[in-house]
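J.: 3D, please:
(chains A and B)
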Amino acid sequence: MYYLGLIVEYLKNYMKTRLTYRADFWVEVISDLLFQATNLIFIFVIFMHTNSLGGWSENEVVFVYGFFMVPFGIFSCFINLWGFSERYIVKGEMDRIMTRPAHNLFQIFLENVDPPALIGSIIGIVIMAVSGSNLGLAVEWWTIPALIILTISAVAIYTGIYTTLTSLSFYSDAPTGILPLMYNIQSYGRYPVTIYNRAIQVLLTWIMPFAFVGIYPASLFLQREEMQRMAYLTPVMGIIFLAIGITAWNYGVKKYRGAGS
Amino acid sequence: MSRLKSSAYLDFIRIRFLTMLAYRVNYYSGILIYTLNIGVYYFTWKAIYGSEGELGGFNAIQMTTYIAVSWMARAFYFNNLDREISTDIRDGSIAIQFIRPYNYMLVKMMQGLGEGMFRFLLLMIPGMAVALLLYPIELPTAWSSWVGFLVMLFFSFLINSQINVITGIMAFFVENNEGMMRMKRVIVDLFSGLVVPISLFPGWLATVLEYLPFQAITYLPGSVFTGRVTGVGIWNVLGIQIVWFALLLIPMIWLYGLARRRLFVQGG
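T.: Prediction:
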């Protein structure tokens, strides 16, 4: 209940800062959409020159992309660790966070909420609906619950990976350039992983499991039998990686001694 | 800017280079991740090519080479000048920078060059070596192609940095230009031909892009280096780059002049 109250307060604060920079809000929404459009353009350009990508049709690949956008939008809205090291460690704001009673990671998430990102999720659902109906996919009784569970699991995977990587900045005060680079890699989990060689498949499945935020869960709705077992595994991976992330974080915070500035 | 000796500007290059060197550990992960990026595009294109012999004027090997060279060029020309400038503007430290006896924008370009030299030596060269081992890449053998490529690469850096400086200085006019910077990054990656070579875009879009500066950053140098463009065409490419470099100076100088008059500091 206490945490729920905090969420409301932070959102109010967010709205106030937003109203100060009103024009920028729309630029940000548009830039988010443009980023998503880039990836769609890539898919469309590819399919101007081929009929299938590793045995997947254009509508299927677009559907996977639509699914990918849903958890990614929610993740970007609530969990934004971009620039954590610069802001909280180098500038010493972590000390401020740690004097407060609420869990430090939770406060950091709340301070950086980005509601415009949710528009991406909505568009993702629209893309899924359009390409799904092109493919003649039927909406079953389990479709909506499965969508919710898989989305939550995917958000947990993202959170786990990024929290783990960010907690590295407790050990070195140099700004780590890993996060921006990671943003490139995560997109590859959208394509049929079978086109990659074994090493990249293993990487995207078990080490940085970005295949579980795109292609695997989406294959459940597309009824691609070869990947359905992986789709069922998504919640398990979500729990495991979230646990790793939070453990790494809590351990890192204990090691944290302040920036010394 | 004549108030300061040019050797002082060279010092900005040196200092930034040394600063980057202090944080070099971060760049080992950069090599890995750039190589991985090339790999993923390589496999995607491999699946697309399948039995096709040629797409958009590229055969499969040329495409692999194009992707590798484009990503490695990005490893060199990429910088965060836009973010640095907008941070200076937002925290007010730009006021002090404006008083100092140097041209702020020229200093930023020099710092960008220092970073670029660091990235060239510690990210692009080692990254290219790794990519050569892993993927079927065919690099040109004539030394003239290499000299030409290095010159073009330098212009890629100049044009990309100019776009960054312009985006950063926009923080004077829209207060918070976070969204604009993100949009710029997306546009540059897509329209420069990094993600998809421009010859594969639908005809109308390819035509539009011919009139924009972005293709001069990645697509044109990459086309020369993969041997798609040869002979006189090479001089055309260089000409286009020089023209864009000159044209982009105009908004840069104009915005800088406006900004100096419009300076108001937000807090701090």
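J.: from here on, contacts and neighbour counts on C-alpha atoms
T.: OK.
J.: In space, what's closest to residue A:134 - neighbours in sequence excluded?
T.: residue A:59 (7.1 Å; Cα to Cα, 6 or more residues apart in numbering or on different chains).
J.: give the contact list for that neighbour.
T.: A:131-132, A:134-135 (Cα atoms under 8 Å, 6 or more residues apart in numbering or on different chains).
J.: Show me what residue of the stretch 1-150 of chain A gets nearest to chain B.
T.: Distance from chain B to each residue of the stretch 1-150 of chain A (Cα to the nearest Cα) is smallest for residue A:28, at 4.0 Å.
J.: follow-up on the earlier one: most neighbours among the contacts of residue A:59, which one is it?
T.: Counting by other Cα atoms under 10 Å in any protein chain shown, residue A:132 has the largest number of neighbours within those, with 21 neighbours.
J.: need the contact list for that residue.
T.: Neighbours of residue A:132 in contact, by Cα under 8 Å, 6+ apart: A:59-60, A:63.
J.: returning to what we had before: in three-state terms, label the residue nearest to residue A:134 for me.
T.: Here residue A:59 is recorded as helix under DSSP: H, G, I helix; E, B strand; the rest coil.
J.: Pull up the gap between residue B:14 and chain A, please.
T.: Relative to chain A, residue B:14 is positioned 20 Å away (Cα to the nearest Cα, to the nearest Å).
J.: Ok, residue B:8 next?
T.: Using Cα to the nearest Cα, we find residue B:8 at a distance of 27 Å from chain A.
J.: picking that back up, which ones among the contacts of residue A:59 lie within helices?
T.: Those of the contacts of residue A:59 mapping onto helices are A:131-132, A:134-135, per DSSP state H.
J.: Identify the residue nearest the closest residue to chain A within the stretch 1-150 of chain B in space, chain neighbours excluded?
T.: Closest contact between the stretch 1-150 of chain B and chain A, by Cα to the nearest Cα, is at residue B:43 (5.5 Å). Counting by Cα to Cα, 6+ apart, residue A:196 is the residue found nearest to residue B:43 once chain neighbours are left out, at 5.5 Å.
J.: likewise residue A:242?
T.: Residue A:242's closest residue in space is residue A:160 (Cα to Cα, 6+ apart), at 4.0 Å.
J.: residues contacting that neighbour?
T.: Residue A:160 sits next to A:238, A:241-246 when contact means Cα under 8 Å, 6+ apart.
J.: swap the cut-off to 10 Å and go again
T.: Shown in contact with residue A:160 (Cα atoms under 10 Å, 6 or more residues apart in numbering or on different chains): A:154, A:166, A:208, A:237-249.
J.: quick one: low-confidence parts of the stretch 51-200 of chain B?
T.: By pLDDT under 70, the weakly predicted segments of the stretch 51-200 of chain B are B:175.
J.: what are the ranges of the strands in it?
T.: Along the stretch 51-200 of chain B, the segments classed as strands by DSSP state E, counting those that start in this stretch run B:54-55, B:58-59.
J.: Would you mind putting these into a markdown table with mean neighbour count and distance to chain A alongside?
T.: Below are those laid out as a markdown table (neighbours: other Cα atoms under 10 Å in any protein chain shown; distance: least, Cα to the nearest Cα, whole Å):
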| stretch | mean neighbour count | distance to chain A |
| --- | --- | --- |
| strand B:54-55 | 16 | 7 |
| strand B:58-59 | 18 | 12 |
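J.: so which of these gets nearest residue A:255?
T.: Nearest to residue A:255, of all the strands of the stretch 51-200 of chain B, is strand B:58-59, at 52.3 Å by Cα to Cα.
J.: Name the strands paired with the closest one and say parallel or antiparallel.
T.: Strand pairing for strand B:58-59, determined by DSSP bridges: strand B:54-55 (antiparallel).
J.: Centroid-nearest residue for the chain?
T.: Answering for chain A, as no chain was given. residue A:72 (3.7 Å; Cα atoms, centre = their mean).
J.: nope, chain B
T.: The centroid of chain B falls nearest to residue B:77 when counting by Cα atoms, centre = their mean (3.5 Å).
J.: Go ahead and confirm it touches residue B:150.
T.: No. Distance between residue B:77 and residue B:150: 11.7 Å, which falls outside the contact criterion (Cα atoms under 10 Å).
J.: Now do the shared contacts for those two.
T.: Common neighbours of residue B:77 and residue B:150 (Cα under 10 Å, 6+ apart) are residue B:156.
J.: show me what contacts residue B:186?
T.: A:31-32, A:34-38, B:180, B:192 are the contacts of residue B:186 under Cα under 10 Å, 6+ apart.
J.: Most neighbours among those residues, which one is it?
T.: Counting neighbours by other Cα under 10 Å, residue B:192 leads the contacts of residue B:186 with 24 neighbours.
J.: Backbone dihedrals for the residue in the stretch 101-250 of chain A that chain B sits nearest to, please?
T.: Residue nearest to chain B within the stretch 101-250 of chain A (Cα to the nearest Cα): residue A:196, separated by 5.5 Å. Backbone torsions for residue A:196, taken as degrees, to the nearest 10, come to phi -80, psi 170.
J.: how close does the residue located most distally from the centre of chain B get to residue A:57?
T.: Distance from the C-alpha centroid of chain B, by Cα atoms, centre = their mean, peaks at residue B:51 (33.6 Å). Distance check for residue B:51 against residue A:57: by Cα to Cα, to the nearest Å, it reads 17 Å.
J.: list the helices and strands the helix or strand that contains residue B:40 packs on?
T.: Element membership of residue B:40 [criterion: DSSP states H and E] is helix B:25-49. If you count contacts as 3 or more Cα pairs under 10 Å, 6 or more residues apart in numbering or on different chains; DSSP states H and E, helix B:25-49 packs onto helix A:22-49, helix A:178-186, helix A:198-202, helix B:6-22, strand B:54-55, helix B:60-77, helix B:125-134.
J.: Quick check: buried residues in the first one?
T.: When burial is assessed from 16 or more other Cα atoms under 10 Å in any protein chain shown, helix A:22-49 yields the following buried residues: A:24-25, A:27-36, A:38-41, A:43-44, A:46-47.
J.: and the stretch 1-150 of chain A, which residues reach chain B?
T.: Proximity of the stretch 1-150 of chain A to chain B is confined to A:20-39, A:41-42, A:44-55 under the rule Cα under 10 Å from any Cα of the partner chain.
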